[in-house]
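Okay, predicted coordinates and the sequence, questions at the end:
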Amino acid sequence: MSRFDAYDLALQAASALRPLLDPINRRDPDLCRQMRRAASSVAMCLDEGSQRTGRDRFHLYRVAAGSAAEVRTALALATTWGYIAQPQAAPASALLDRIVAILWRVTHPKR
């Protein structure tokens with residue numbers, strides 16, 4: 001992994017999402033666009049945040065966490081509505097769970 005594990009996981013999650021986007025897009029183009037934007041936001045905010053300090057950094061990491069949760073929910077909706085099968089979504093969802101967990105620890109340090 002690179003300088004920040006969550007960034008590498010975000011790229012892996014995007015790769016895991018890639019084959020799911022076409023079937024979702026055929027049934028719900030708006031959901032697909034939103035998933036793609038949110039998944040891109042995760043990686044971009046993580047990388048930008050790694051170049052910032054202080055509250056700027058934490059803000060971007062919180063945005064990345066929110067975007068990861070958004071993609072995870074979009075995957076759950078896509079499976080609920082039958083656009084993709086749950087086993088297809090599971091690898092990407094697991095990666096997103098890991099990202100959210102890492103970012104929780106980063107943005108909520110023990111005092």
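Great, that's in hand.

For the rest of this, base every contact and every neighbour count on C-alpha atoms.
Noted.

Sticking with the residue nearest to Leu103 when sequence neighbours are not counted, tell me its helix or strand.
Counting by C-alpha to C-alpha, 6 or more residues apart in numbering, Ala65 is the residue found nearest to Leu103 once chain neighbours are left out, at 6.0 Å. Here Ala65, judged by DSSP states H and E, is contained in helix 54-80.

repeat for Ala101
Counting by DSSP H and E, Ala101 is part of helix 86-107.

So what touches that helix?
Under the criterion C-alpha atoms under 8 Å, 6 or more residues apart in numbering, residues 6, 9-10, 12-14, 16-17, 20, 58, 61-62, 64-65, 68-69, 71-72, 75-76, 79 lie in contact with helix 86-107.

Please save the CA atoms from it in CSV.
Listed next in CSV are the C-alpha coordinates belonging to helix 86-107 (Å, rounded to 0.1, in the frame of the first residue of the first chain):
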residue,chain,number,x,y,z
GLN,A,86,-25.6,-9.0,-4.1
PRO,A,87,-22.5,-11.3,-4.7
GLN,A,88,-21.4,-9.0,-7.5
ALA,A,89,-21.6,-6.0,-5.2
ALA,A,90,-19.9,-7.7,-2.2
PRO,A,91,-16.2,-7.1,-3.1
ALA,A,92,-16.7,-3.4,-3.7
SER,A,93,-18.9,-3.1,-0.6
ALA,A,94,-16.3,-4.7,1.6
LEU,A,95,-13.6,-2.3,0.3
LEU,A,96,-15.9,0.6,1.0
ASP,A,97,-16.5,-0.7,4.5
ARG,A,98,-12.8,-0.8,5.1
ILE,A,99,-12.4,2.8,3.8
VAL,A,100,-15.1,4.1,6.1
ALA,A,101,-13.6,2.3,9.1
ILE,A,102,-10.1,3.7,8.4
LEU,A,103,-11.5,7.2,7.9
TRP,A,104,-13.5,6.9,11.1
ARG,A,105,-10.4,6.2,13.0
VAL,A,106,-8.5,9.0,11.3
THR,A,107,-11.2,11.6,11.9
